[in-house]
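1. with the input below, show me the fold.
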Amino acid sequence: MINRGLGDAIIMLRVKTAIFTATVLLLTAAISLAAEVRDPNEEIRIFESYFPDSNEAGQELDEWWKNRQTEQTPPITALEILRKGLRRTTIDPTMLIGWVGAAYANHEEAAVRDKAAEMLIAATYSPQGYARHFAVYYGLAGIQQKSAEVLERLAKLAVSNESVNRIVWGVKYTTQESEFLLYVEPYLWSPDAKIAERAKELKKLFEKETEHWEEWQPPSGQSKPARRDDVDYETAFSELYETLGLSYPCFDLKGIDWDAVGRDMLPRAKEVETDEEFGLLCIELVAKLEDSHAYVLAGAIEVPEVPTPQWDAGFSCLEDDRDRAAVYYIDPGGPAEKAGVKIGMAVLKVDDANAGDVIHKTMAKMRKYGGFSSERYLRYFAFRGFMRQMEKGREVKFEMIDPKGNTQTFNLAAELGQRYVPHLPVPIEGIRDSANVSYKMLDDEIGYIYVRRIRNGLEASLDKALSELQGARGLILDVRGNSGGGFNGQTSHVNFYTDTPGYQGTRPQYTGPIAILIGSRCISAGEGWTSWFVAKKRARLFGEATAGASAKKEIYLLKNSLFKVQYPVRPYNGFLDRPIERRGLEPDVPVKQTAEDLANGRDTVLEAASAYLGSR
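-> This is a model prediction of the structure:
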C-alpha cells in the first residue's frame, strides 16, 4: 500500500511532467516556426497564387494606368485591376505597389483598407527585393491601425533583416509595440543565432534599452543599388515623371500643370546620351515640383554637379525694407573690406546692370535646378548670392549707396569661395550664430534664445537656457535662419506650457509673454516647432513669413537605379489646421530690416519685439 503523502507526490510529479512535456512541445513548435523564417520557394508560391500570370490582364493594367483612369475607377475595382495585371505589366511593379500604399492603405472605407493591406502583404512575398521593400515602406509600415496579419508579417520581415528601420518606425508610429512583440517572441528561440539576436535587439529596442537597430540596413533602403543597364534613360525618366505625378500632393496648392511639364520634358529624355545628361534632366524635373524637400540623391552613381557660381568679393546681402540688396556681412580681410565697402550700403548696379534685374536673373537660374517651396525662400538665397561669379578672380564693378545717400563705385575681385555666412542680420554679443541653441539676457531683463537648428538635445538646451534666464519679464525666441531638423511633439514645448492643469514636471517653465522672430530662411522643422506657439496663441510673431516648406517625405529609386529621389508625399500641418507648405507662418507684426539700422549695428526686428515686450 502506497503512503498517501508519497501518492500525492507522485501525482504532483506526473502533473509537472505533463506541464513540462506540453511546454517542450510548445517551444518545439515555436523553434520550428522560427527556424523556418523565410522559405523562398513557399514565398514565391504565395506571391504567384495571389498575383495571376496573365498577359491580357497585364495589357489591361498598362492601358488603364497610361490613360490616367486611376481617379475615375472605384478603389476595389482599381485594386483588382492591379492584382490581376501586376506580374505582366510593362510598368514598374515597385511604383505600382508604392502607389497602392499611398492611395489605399489608409482609405476612409474599411473594405478598401483591408483589400489594400491584403495586396501589400502578398507583395512582400515577391522574389524582387525592391518590390518587398516598397510594399513595406510605402504601405504596411504606414497603416494607421495594423491588423494581426500585418504585424505578423512585419515581424517576420524584421527578424530576417528586411526594411527594419521602416518597420520600427511604423510600429512606433501607431504605438503598437506590445502587439508587435508578441509576433517577435517566437524568434527568440530560433536555432539561427542571427535571427535570435535580431529578435532580442527588437525586443530591447521597444523597451528602450538599445539603439543597435540603426546598424541593420534594409537591403534596398540605405545600401548602394546595382545599376540596371537593361532599363534605358527614357523609360526610367518616364516612370519617375509618372511616380511624381501620382504621388506628389501639392500640384493644386501651387498651381503646377504637371501635364504641361510632361509635354515639355518627356521628349527631351529621348535625346539623353550620357549619365550626366540624364542626371541633370532628372534634377530639372524634380525642381518643377517647386519644393525645397524634393531633390535627387545618389543611387548606383553620384549625382552630377550643377554648375553654379562659387566666388565673390567677400560680402553678403539681405533684402531690406525697400526691397534693396543691403550689405549685412563683410568678410574680414576680404576684397570688399579692403576696398571700403560698409555694412548698410545697398547695391544699385552690378557691372552697370540694375541690381534688381541681376537678382531676378539669378532667381531664374537657381529655379531651373533647385526646388524652392516659395518665392520668398528663393529670394532669400538670390539676395545672398547674386554677386557670385563662375570664375575665381573675376573683377566686378558694383555701384552702392550708403544710408546717407552717397554713392560709390567699387571694382572688386571675386576671390572668396563657399563658406559659412551668418544667418542673423546683426551679430549679438554672446550669441554663436552657428550654434544649435544659444541664449543670453538682453537689456531691460528680456530673455533671448536663438534656436538655429531643431536637433536632438533641444529639450536639454531649452531647460538650461530657461534655468539661467529666470527672472526675465519677457522672452524672445529667434528662429530666423532655422534650418530645421526634427523634434518630439510631446516634449519640445513643455517649457512654455500655461494651460496644463496639474503639471508636476521638473523641467523649468516660462509662463510670461513671448515674442518670436521669424524670417524666410526658417524652414521645415523650424516652422513645425514654431507652429505650436501659433496654434496655442502663446506668442506674438515679428518679422517676415517663413519659407513654407514642410512635409512628410519618401524616397523613390529610379528604375535604372542610377539615382534616388526624395519627394514629399503628404503636406505637414504642424500644430495648425492647414498645411505649412507654400504659405508658411505669417508674422503678427510684419517687420523688415532697414539699411540704416544695419549701418548702426541695430537689429530692426529684434528691437520691434523688445519694444513690444517692454510695454507689457
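2. what's the burial count for the closest residue in space to P40 that isn't next to it in sequence?
-> In this structure, P40 finds its nearest non-sequential neighbour in P127, 7.6 Å apart by CB to CB, 6 or more residues apart in numbering. (C-beta placed from N, C-alpha, C; glycine too.) Using other CB atoms under 10 Å, P127 is surrounded by 11 other residues.
3. flag the shaky bits of the stretch 201-350 of the chain, pLDDT-wise.
-> 207-223 (pLDDT under 70).
4. same thing with the chain?
-> Checking the chain against pLDDT under 70 turns up 1-38, 207-223, 500-504.
5. domains of it?
-> 1-32, 36-215, 315-413, 437-549+584-614 (automatic domain parsing).
6. so what's the residue nearest to P40 up against?
-> 40, 43-44, 47 (CB atoms under 8 Å, 6 or more residues apart in numbering).
7. got phi/psi on G485?
-> phi 140, psi -120 (degrees, to the nearest 10).
8. out of the domains of the chain, which gets nearest to Y295?
-> Among the domains of the chain, domain 315-413 comes nearest to Y295, with 6.5 Å by CB to CB.
9. returning to that earlier point: export the domains of the chain as CSV, with columns for distance to N573.
-> Supplementary listing: the domains of the chain in CSV, determined by distance: least, CB to CB, whole Å:
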stretch, distance to N573
domain 1-32, 44
domain 36-215, 16
domain 315-413, 15
domain 437-549+584-614, 8
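10. out of those, flag the one nearest G279.
-> Of all the domains of the chain, domain 315-413 comes closest under CB to CB, at 10.6 Å.
11. first-to-last residue distance for the closest one?
-> 11 Å (CA to CA, to the nearest Å).
12. now stretch 365-375
-> 14 Å.
13. wait, I343 sits on E596?
-> No - look at I343 against E596 with CB atoms under 8 Å: they stay out of range, at 11.1 Å.
14. quick one, which of the two is more surrounded?
-> Neighbours were tallied for I343 and for E596 using other CB under 10 Å; the higher tally belongs to I343 (19 against 16).
15. who's in contact with that one?
-> So I343 contacts 327-330, 598-599, 601 (CB under 8 Å, 6+ apart).
16. can I get the buried part of these as one PyMOL selection?
-> Those of the contacts of I343 that count as buried under 16 or more other CB atoms under 10 Å are selected in PyMOL with:
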select buried, resi 327+328+329+330+598+599
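17. adding distance to K397 and secondary structure, write the contacts of I343 out as CSV.
-> Formatted as CSV, the contacts of I343 follow (distance: CB to CB, whole Å; DSSP: H, G, I helix; E, B strand; the rest coil):
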residue, distance to K397, secondary structure
V327, 16, strand
Y328, 21, strand
Y329, 21, strand
I330, 18, strand
L598, 22, helix
A599, 22, helix
G601, 28, coil
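18. still on that earlier bit, of all the domains of the chain, which lies closest to L558?
-> domain 36-215 (9.3 Å).
19. any idea how far that closest one is from the chain center?
-> 22 Å (CA atoms, centre = their mean, to the nearest Å).
20. number the chain from 303, please
-> Let's use 303 as the start, then, which means that last one is domain 338-517.
21. apart from its neighbours in sequence, what residue is nearest G441?
-> G403 (2.8 Å).
22. confirm the one you found sits in a helix?
-> Yes - assessed by DSSP: H, G, I helix; E, B strand; the rest coil, G403 belongs to a helix.
23. and for it, the neighbour number?
-> G403, neighbours per other CB under 10 Å, totals 26.
24. try P609
-> Neighbours around P609, by other CB under 10 Å: 10.
25. surely it is in a strand?
-> No - judged by three-state DSSP, P609 forms no part of a strand; its state is coil.
26. list the contacts of the residue lying closest to it once chain neighbours are set aside.
-> Counting by CB to CB, 6+ apart, M692 is the residue found nearest to P609 once chain neighbours are left out, at 7.1 Å. The contact partners of M692, taken as CB under 8 Å, 6+ apart, are 609, 611-613.
27. kindly report the same for L483.
-> 504-505, 508.
28. ranges for the strands of the stretch 603-752 of the chain?
-> For the stretch 603-752 of the chain, the strands defined by DSSP state E, counting those that start in this stretch occupy 617-621, 627-632, 648-652, 655-656, 697-703, 709-715, 739-744, 748-753.
29. can I get those strands in a markdown table including distance to I882?
-> Formatted as a markdown table, the strands of the stretch 603-752 of the chain follow (distance: least, CB to CB, whole Å):
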| stretch | distance to I882 |
| --- | --- |
| strand 617-621 | 22 |
| strand 627-632 | 27 |
| strand 648-652 | 32 |
| strand 655-656 | 34 |
| strand 697-703 | 36 |
| strand 709-715 | 39 |
| strand 739-744 | 22 |
| strand 748-753 | 17 |
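30. quick one: closest of these to S594.
-> Taking the strands of the stretch 603-752 of the chain one by one with CB to CB, strand 617-621 is closest: 18.1 Å.
31. what's the longest strand in the protein?
-> strand 865-873 (DSSP state E).
32. elements contacting that strand?
-> helix 535-549, helix 577-589, strand 597-600, strand 853-859 (3 or more CB pairs under 8 Å, 6 or more residues apart in numbering; DSSP states H and E).
33. output those as JSON lines; include the columns distance to F877.
-> Below are those laid out as JSON lines (distance: least, CB to CB, whole Å):
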{"stretch": "helix 535-549", "distance to F877": "25"}
{"stretch": "helix 577-589", "distance to F877": "29"}
{"stretch": "strand 597-600", "distance to F877": "26"}
{"stretch": "strand 853-859", "distance to F877": "15"}
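34. would CSV of the ones you listed with mean neighbour count and distance to M421 be doable?
-> Converted to CSV, the helices and strands packed on strand 865-873 look like this (neighbours: other CB atoms under 10 Å; distance: least, CB to CB, whole Å):
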stretch, mean neighbour count, distance to M421
helix 535-549, 20, 17
helix 577-589, 20, 28
strand 597-600, 18, 28
strand 853-859, 19, 19
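35. looking at these, spot the one closest to P873.
-> Between these, strand 853-859 lies closest to P873; by CB to CB that is 5.5 Å.
36. so what are the sheet partners of that closest one and their directions?
-> In the sheet, strand 853-859 lines up against strand 865-873 (antiparallel) (DSSP bridges).
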